[in-house]
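In: Predicted coordinates and the sequence they were generated for:
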Amino acid sequence: MSQPGVIDGLQFARGALEKRGSLGMEHLPRLTQMQCSTPGLEYQIRGGTAGHGKLFLRISATGRMRLACQSCLGPLSLSIAVDIELELAEYEREIEEADDDVDRVLASRTMDVAGLVEDEVILALPMVPRHDACAGASSAAWATGSPFSALLALKRGENRH
């Protein structure tokens, strides 16, 4: 995997520079804490100036993530495709006082590339990841002794004696 490093956000955008690479789990600590894994995420960051003169970073990332299904707790494989444009703000006040739907990030001279990509991947993950249909979900609930398994049994009219 490549070393993502840091960029000077404003200089990167003014120069319309580009950085691409691949991130492994060693660069994605928050995804690791969320018990997600990936063989690698391909990313691209491009800087530029929008038509209205504002500087931006365009962040793209693709890959496969492995998460835990929140219904059956089994492994869930999910494709990730992120493509977002973030307007660069020079001051926190610009972000706080903005009255629109533009996505902004505070520019700095040491913007962590892996952190920027990881932020957008986290935002792209479903709030409650789960399979469309879990195989053996009800038997898994019984096996774990979940308090909700009794509710499931009542709902299905099953008797658990």
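Out: Structure received. Since the model is a prediction, treat every value here as computed from it, not as a measurement.

In: Domain ranges for the chain, per the record?
Out: For the chain, the structural domains run 6-130, 134-161, going by automatic domain parsing.

In: Format those as a markdown table; extra columns: mean pLDDT and mean neighbour count.
Out: C-beta: built from backbone N, CA, C; applies to glycine. A markdown table is the format used below for those (pLDDT from 0 to 100; neighbours: other Cβ atoms under 10 Å):
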| stretch | mean pLDDT | mean neighbour count |
| --- | --- | --- |
| domain 6-130 | 94 | 16 |
| domain 134-161 | 61 | 12 |
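
In: Residues in contact with the longest helix along the chain: which ones?
Out: As assigned by DSSP state H, the longest helix anywhere in the chain is helix 113-124. Residues outside helix 113-124 that contact it (Cβ atoms under 8 Å, 6 or more residues apart in numbering): 4-7, 19, 21, 23, 27-31, 34, 41, 43, 45, 57, 59, 61, 65, 80-82, 84, 86, 105.

In: at 6 Å what do you get?
Out: 4, 5, 23, 27, 28, 30, 43, 59, 61, 80, 82, 84 (Cβ atoms under 6 Å, 6 or more residues apart in numbering).

In: Next, format those residues as JSON lines and append secondary structure.
Out: Below are those laid out as JSON lines (DSSP: H, G, I helix; E, B strand; the rest coil):
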{"residue": "4", "secondary structure": "coil"}
{"residue": "5", "secondary structure": "coil"}
{"residue": "23", "secondary structure": "strand"}
{"residue": "27", "secondary structure": "helix"}
{"residue": "28", "secondary structure": "coil"}
{"residue": "30", "secondary structure": "helix"}
{"residue": "43", "secondary structure": "strand"}
{"residue": "59", "secondary structure": "strand"}
{"residue": "61", "secondary structure": "strand"}
{"residue": "80", "secondary structure": "strand"}
{"residue": "82", "secondary structure": "strand"}
{"residue": "84", "secondary structure": "strand"}
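
In: which one among those residues gets closest to residue 110?
Out: The closest of those to residue 110 turns out to be residue 5 (Cβ to Cβ; 9.7 Å).
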